[in-house]
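**Student:** 3D model of this:
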Amino acid sequence: MAATGAWVLLLLLAPFLASRSHASVMGTGLVVAVYGVGSIICHQRPERSFHLWAAQMPVCARCAGIYVGAAVMAAAVFGARAFSTSARATRERATVDAPQRQRREGGARRRIALPQNARLLLAVAVVPSAVTLVFEWATGHAPANWIRFAAGIPIGAAVAWLVRSAAEDQVN
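**Tutor:** You can find the predicted model right below:
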């Protein structure tokens, strides 16, 4: 989960550092590394990318949306888990009947259930991006970058949720 957030921060930091005329050696190395990784996972077409601080982002708008969606979902799942763990600990401290608490804990542990049909979830998440693609093919006009960004968010959110669910299943 931390890696998704760190990647999004790097995607924002790289164009900031790239736009500086006097970047340090470490800053330059970071920029080269982030744009290098971006070139492996994305086409990096300038007209399909956001430009921040007069520098192109390391990934296109859709990829940026995918990564932001994943980071937001990871943060939401982590936050919900931390909240439920805190609430459960508070309830347990308030409960004086240890045998009752033991029976309650002895049952199934609460966890995120992996959906029976993960493919269906992913197919639904891809629909907005597919619509932008069909629109582009039908009209010959590319949707605005913010639309492509928004269309990528459900993909990242769904994948992050599935990865977290699978990891939770492995732990439990």
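**Student:** OK, contacts around the most centrally placed residue in the chain?
**Tutor:** For the chain, the residue nearest the mean C-alpha position is residue 70 (1.1 Å; C-alpha atoms, centre = their mean). Listed by C-beta atoms under 8 Å, 6 or more residues apart in numbering, the contact set of residue 70 reads 4, 156, 157, 159, 160. C-betas here are computed from N, CA, C, even on glycine.
**Student:** cool, and residue 21?
**Tutor:** Neighbours of residue 21 in contact, by C-beta under 8 Å, 6+ apart: none.
**Student:** and it, which of the three is it?
**Tutor:** coil (DSSP: H, G, I helix; E, B strand; the rest coil).
**Student:** from the contacts of residue 70, which land in strands?
**Tutor:** Using DSSP state E, no member of these falls within strands.
**Student:** which PyMOL command selects the buried ones in those residues?
**Tutor:** The PyMOL selection below is limited to those of those classed as buried (16 or more other C-beta atoms under 10 Å):
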select buried, resi 4+156+157+159+160
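**Student:** now for the chain, the helix or strand with the poorest mean pLDDT.
**Tutor:** Among the helices and strands of the chain, helix 98-106 carries the lowest confidence by mean pLDDT, DSSP states H and E, at a mean of 50.
**Student:** who touches the helix or strand that comes right after that helix?
**Tutor:** Counting by DSSP states H and E, the next helix or strand C-terminal to helix 98-106 is helix 118-139. Helix 118-139 has contacts (C-beta under 8 Å, 6+ apart) with 62, 115, 141-143, 147-148, 150-152, 154-155, 157-159, 161-162.
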